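1. after the sequence you'll find the predicted model.
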Amino acid sequence: TSTRSKSSNGAAQARGEIARSAVRVGGPRLGAWRSEAPAKASQATETIKERVIFAVFLSSSTRSDQAPKISKISKMSQLSSTAASAQLPPSAAAPQAGLRHHLTRTPMRILWLEEDHMALSYYDAIKIALEARGHNVSQYRHHSRNPLSGTLREGPFDAVLVGFGWMQGEPPLSLRYGNVRGIPEFSHRRCNASLLPRPYPASSCHCNRHGPLLVLLNKEYTTIPDKMKFLRAHCVAAAFSVHHEVARYEEESGVPFHRIWFGVDALRFSAGVLAAPPPAPPPPYDFDLGFTGVIRGDQTNNWRAKIWGHSWAKLRAHGLRLYSGPQGGVRSGVAHAELNSSMYVAMMRASRMWLSTTGPVDLVGTRYFEVMATGTTLCVCNRMEGEKALVYSSLGLAEGRHVAMFSTLPEFEALVINFTKRSEYEERRRAILVRAQELALRKFTWDVVAHRVERVMACHVNASGAEAAPCGGDAAERHSARGIGAHSAQSEK
């Protein structure tokens, strides 16, 4: 599993308490698992809150040398009071229900195909959210000594889900496991050996004894032809992608695709505030602008390299307090530098603004939603225009309402200076923070993403063969990023 902070370790331990209270009560399919202790879910959530607060406190003693000393007592007092008073208003009850009432739905037994990924916590985020929602999730790894066929015999499982990291596309894991490894147990050739004619259409898959196979597509900027070939060669009931071109993937693979998005751990980044505006007055800020992550040439317009190489020094010359992580916090290449996750959250919340840009093939990454969820920090990002405006609009993100945008380096520099140095911009900045956090906590939590996956999975588990109605609605509904956690387009703007 990923290297996690003390806060996420606490969350994992609390989730384990929930999982240990689940017992087998029924048959091999949907409805085979339930909880005997719903009260423990509420207790575990409170434990998670307390450990998040404590982890943020601990992080203040491990920050880099470039960080000015932050008042531990005042920040702890503020975090404790806001977390202790956090309540869910009726308007936020539906999308956040999973955070407090994980075990109100019928749980499933799920086999999760994935590798262990150091420092890439989003790989495990949906799995963790499904576990927190009460499902029994078993992980199978490429390097397991027990073959997959043997693990499947240990079932039965309600569903089998291919995680973000199963189909590799970049080193070092692609060198170890190969780019796209097949799953013979779900291949058309094995599942439909007695069927003619060939090739076998996806709707004729006869692998129900293993449960439906669902796939989380990842890294849509590399080895896409191999990934589409994988989907065509296997009995895949449904696939998910965070990219806005899911319709193209569905056409190329013949597999029904559903749009999802990257998410945020709301408890960590909002410091326990699940649905509330930022506290007033604003917290003391130690930085004006923060930026951490990797720089690579295939990111949109190579914005990160241009800002790092040109604008960063100019902003520092204007007297701005800049945070770029510990040594190696910003670096070139695909490998992420080790950055203590609790320190990452604390530094983000201690900055007035944080830079996030779209990645390869214009992917909107997790950092957008992490910044929005803080309620303290304004996300500044590159503008997408023309046909590419869909990248943001499909998610409901609007300039000046949820984020600040730029199209040139001078515009970026002016934005940062205005929002950090000019007092007349502060009211506008705080208004954006309120709307951004509300949208992030309503729509962009990992719990909401897991709910979308959960609905499709449960539909296929209950489906009665190829004649069943399409799960997730028609193509327009499946490919839309609206709906779950979003009441209407107007509500997101």
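-> That came through, no problem. Residues are numbered from 1 along each chain as shown.
2. quick one: mean pLDDT over the helix or strand hosting Glu427.
-> If you go by DSSP states H and E, Glu427 is part of helix 426-443. In this model, helix 426-443 has an average pLDDT of 95.
3. okay, the angle between the helix or strand just after it and helix 426-443?
-> Per DSSP H and E, helix 426-443 leads on to helix 446-462 as the next helix or strand towards the C-terminus. On the basis of axes from the mean of the first three to the mean of the last three Cα atoms, to 10 degrees, helix 446-462 is oriented at 20 degrees to helix 426-443.
4. which positions in helix 446-462 come out as buried?
-> Of the residues in helix 446-462, 446-454, 456-461 count as buried by neighbour count, 16 or more other Cβ atoms under 10 Å. C-beta: built from backbone N, CA, C; applies to glycine.
5. can you check stretch 411-429 too?
-> Neighbour-count burial for stretch 411-429 flags Phe412, Glu413, Leu415, Val416, Ile417, Phe419, Thr420, Tyr425, Arg429 (criterion: 16+ other Cβ under 10 Å).
6. and it, end to end?
-> Stretch 411-429 stretches 16 Å from its first residue to its last (Cα to Cα, to the nearest Å).
7. before we move on, what about stretch 143-151?
-> End-to-end distance for stretch 143-151, by Cα to Cα: 13 Å.
8. repeat that for stretch 233-253.
-> Using Cα to Cα, one end of stretch 233-253 lies 9 Å from the other.
9. which residues of the protein score low on pLDDT?
-> The chain contains residues with pLDDT under 70 at 1-105, 117-120, 168-179, 192-208, 273-282, 327-339, 464-470, 482-493.
10. go through the buried residues of helix 446-462 and name the one nearest Asp298.
-> Val449 (24.7 Å; Cβ to Cβ).
11. just to revisit the earlier point, determine which two of the buried residues of stretch 411-429 are furthest apart.
-> Farthest-apart pair in the buried residues of stretch 411-429 is Glu413 and Arg429; separation 16.5 Å (Cβ to Cβ).
12. output the buried residues of stretch 411-429 in TSV; the columns should cover distance to Gly473 and secondary structure.
-> As requested, those are exported to TSV (distance: Cβ to Cβ, whole Å; DSSP: H, G, I helix; E, B strand; the rest coil):
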residue	distance to Gly473	secondary structure
Phe412	40	helix
Glu413	45	helix
Leu415	39	helix
Val416	42	helix
Ile417	46	helix
Phe419	40	helix
Thr420	44	helix
Tyr425	42	helix
Arg429	38	helix
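13. make a markdown table from those residues and add distance to Glu220 to it.
-> Output for these, formatted as a markdown table (distance: Cβ to Cβ, whole Å):
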| residue | distance to Glu220 |
| --- | --- |
| Phe412 | 26 |
| Glu413 | 31 |
| Leu415 | 29 |
| Val416 | 30 |
| Ile417 | 35 |
| Phe419 | 32 |
| Thr420 | 34 |
| Tyr425 | 36 |
| Arg429 | 33 |
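14. for the buried residues of helix 446-462, which one is nearest Trp166?
-> Distance to Trp166 across the buried residues of helix 446-462 (Cβ to Cβ) is lowest for Val453, with 14.9 Å.
15. so Met405 sits right up against Cys381, yeah?
-> Yes: Met405 is in contact with Cys381 according to Cβ atoms under 8 Å; the separation is 5.9 Å.
16. between these two, which has more neighbouring residues?
-> Between Met405 and Cys381, Cys381 has the larger neighbour count (other Cβ atoms under 10 Å), namely 25 against 19.
17. what's around Ala317, how many residues?
-> Per other Cβ under 10 Å, the neighbour tally for Ala317 reads 8.
18. what's the burial count for the residue lying closest to Ile432 once chain neighbours are set aside?
-> Computed as Cβ to Cβ, 6 or more residues apart in numbering, the closest residue to Ile432 that is not its neighbour in sequence is Leu378, at 5.9 Å. Number of residues near Leu378 (other Cβ under 10 Å) recorded here: 26.
19. pretty sure Leu378 is touching Arg349, no?
-> No: in this structure Leu378 lies outside contact range of Arg349 using Cβ under 8 Å: 11.9 Å.
20. before we move on, back to that, separation between the residue nearest to Ile432 and Arg429?
-> Per Cβ to Cβ, to the nearest Å, Leu378 is found 5 Å from Arg429.
21. for those two, list the residues in contact with both.
-> Common neighbours of Leu378 and Arg429, using Cβ atoms under 8 Å, 6 or more residues apart in numbering, are Arg352, Phe419.
22. can you pull out the strands in the stretch 201-350 of the chain?
-> Secondary structure of the stretch 201-350 of the chain (DSSP state E, counting those that start in this stretch): strands at 213-216, 236-241, 257-259, 287-290, 293-295, 322-323, 330-332.
23. adding distance to Ala389 as columns, could you present these in JSON lines?
-> Shown next, in JSON lines, are those (distance: least, Cβ to Cβ, whole Å):
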{"stretch": "strand 213-216", "distance to Ala389": "26"}
{"stretch": "strand 236-241", "distance to Ala389": "19"}
{"stretch": "strand 257-259", "distance to Ala389": "17"}
{"stretch": "strand 287-290", "distance to Ala389": "25"}
{"stretch": "strand 293-295", "distance to Ala389": "24"}
{"stretch": "strand 322-323", "distance to Ala389": "30"}
{"stretch": "strand 330-332", "distance to Ala389": "28"}
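24. got those strands as a markdown table, with distance to Leu161 and mean neighbour count columns?
-> Shown next, in a markdown table, are the strands of the stretch 201-350 of the chain (distance: least, Cβ to Cβ, whole Å; neighbours: other Cβ atoms under 10 Å):
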| stretch | distance to Leu161 | mean neighbour count |
| --- | --- | --- |
| strand 213-216 | 5 | 25 |
| strand 236-241 | 9 | 25 |
| strand 257-259 | 13 | 24 |
| strand 287-290 | 34 | 24 |
| strand 293-295 | 27 | 18 |
| strand 322-323 | 37 | 20 |
| strand 330-332 | 32 | 16 |
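25. relative to Gly473, which of these is closest?
-> Nearest of the strands of the stretch 201-350 of the chain to Gly473, taken as Cβ to Cβ: strand 257-259 at 9.4 Å.
26. give me the phi and psi for Gly155.
-> Gly155 adopts backbone torsions of phi -70, psi -140, taken as degrees, to the nearest 10.
27. tell me where the stretch 151-300 of the chain has helices.
-> Along the stretch 151-300 of the chain, counting by DSSP state H, counting those that start in this stretch, helices occupy 173-177, 188-191, 224-233, 246-253, 266-269.
28. which one of the ones you listed is the most hemmed in?
-> Across the helices of the stretch 151-300 of the chain, the average number of neighbours (mean count of other Cβ atoms under 10 Å) peaks for helix 266-269, which reaches a mean of 25.
29. who does that helix touch, helix- and strand-wise?
-> Here helix 266-269 touches helix 6-20, helix 38-59, helix 93-100, helix 341-349, helix 366-374, going by 3 or more Cβ pairs under 8 Å, 6 or more residues apart in numbering; DSSP states H and E.
30. mind checking how far the spatially closest residue to Gln299 that is not a sequence neighbour is from Ser253?
-> In this structure, Gln299 finds its nearest non-sequential neighbour in Gly359, 5.2 Å apart by Cβ to Cβ, 6+ apart. With distances taken as Cβ to Cβ, Gly359 is found 22 Å from Ser253.
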